[in-house]
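>>> need a 3D model of the following:
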Amino acid sequence: MDRFSILVGDITKSGAEAIVNAANTTLLGGSGVDGAIHRAAGPELLAECRTLGGCETGQARLTGGYRLPAKYVLHTPGPVWRGGGAGEAALLASCYRSCLLLAEAHGIETVDFPSISTGVYGYPMAQAAAVALKAIMDFLREHELPRRVRMVCHSPEAAEIYRQTYNMWYAEDKDGRL
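Presented below is the predicted three-dimensional model:
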């Protein structure tokens, strides 16, 4: 699909109109991608996040991007991995859908995602990739916005897992592989 791609990179340097923050429920910063986004955006992001009153797991909130190249940040708290039997997949899929719906509602044309919940929250990368890609691809089939979505992976190994999953389930032929 021309509207979706996978790459290795630093999401804080993304030129997308909106980047997604794998946040915690307070939205006040943390470790991993959350901490990196807050550091790169500057103190104005934290100040705005304080006004939001947090966010439930699987939901999303929109803020400005401040010192980031991205105009907006979509914050979504992912689920903590508890072995797979505590509704983690549904919550993770909801993270992706909530961000995409919020982007669509605000007319955002380009969105870059990190691999939500696969850091300190411990979600296994292969399972997370399957959930993320299904949520994203289902959404893109039914909606015009955003026009471009990218999965920005922090390592070549993570990108390879996402590419293998995409190629297995979504590439219609050899030319469609990522």
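>>> next one: the most centrally placed residue in the chain from V33, what distance?
Nearest residue to the geometric centre of the chain (C-alpha atoms, centre = their mean): F113, 3.0 Å. With distances taken as C-beta to C-beta, to the nearest Å, F113 is found 10 Å from V33. Heads up, the C-betas are built off the backbone N, CA and C, glycines and all.
>>> same check on A70?
A70 sits 13 Å away from V33, going by C-beta to C-beta.
>>> R177 too?
27 Å.
>>> between those two, who's got more neighbours?
A count of neighbours by other C-beta atoms under 10 Å puts V33 above the other of R177 and V33, at 24 against 13.
>>> buried stuff in the helix or strand containing that one?
Following DSSP states H and E, one finds V33 within helix 32-41. Within helix 32-41, the residues scored as buried using 16 or more other C-beta atoms under 10 Å are G32, V33, D34, A36, I37, H38, A40, A41.
>>> from the contact counts, what lies against that helix?
strand 18-23, helix 43-52 (3 or more C-beta pairs under 8 Å, 6 or more residues apart in numbering; DSSP states H and E).
>>> this protein: strands as residue ranges?
4-8, 18-23, 61-64, 72-77, 110-113, 148-153 (DSSP state E).
>>> need the winner for burial among the ones you listed.
strand 18-23 (a mean of 29; mean count of other C-beta atoms under 10 Å).
>>> next, the angle from it to strand 72-77.
30 degrees (axes from the mean of the first three to the mean of the last three C-alpha atoms, to 10 degrees).
>>> can I get strand 18-23 as PDB, trimmed to CA atoms?
What follows is strand 18-23, C-alpha atoms only, in PDB (Å, rounded to 0.1, in the frame of the first residue of the first chain):
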ATOM      1  CA  ALA A  18       2.000  14.400  13.700                       C
ATOM      2  CA  ILE A  19       4.100  11.900  15.600                       C
ATOM      3  CA  VAL A  20       2.700   9.400  18.200                       C
ATOM      4  CA  ASN A  21       4.000   9.300  21.700                       C
ATOM      5  CA  ALA A  22       3.900   5.900  23.500                       C
ATOM      6  CA  ALA A  23       2.900   7.700  26.600                       C
END
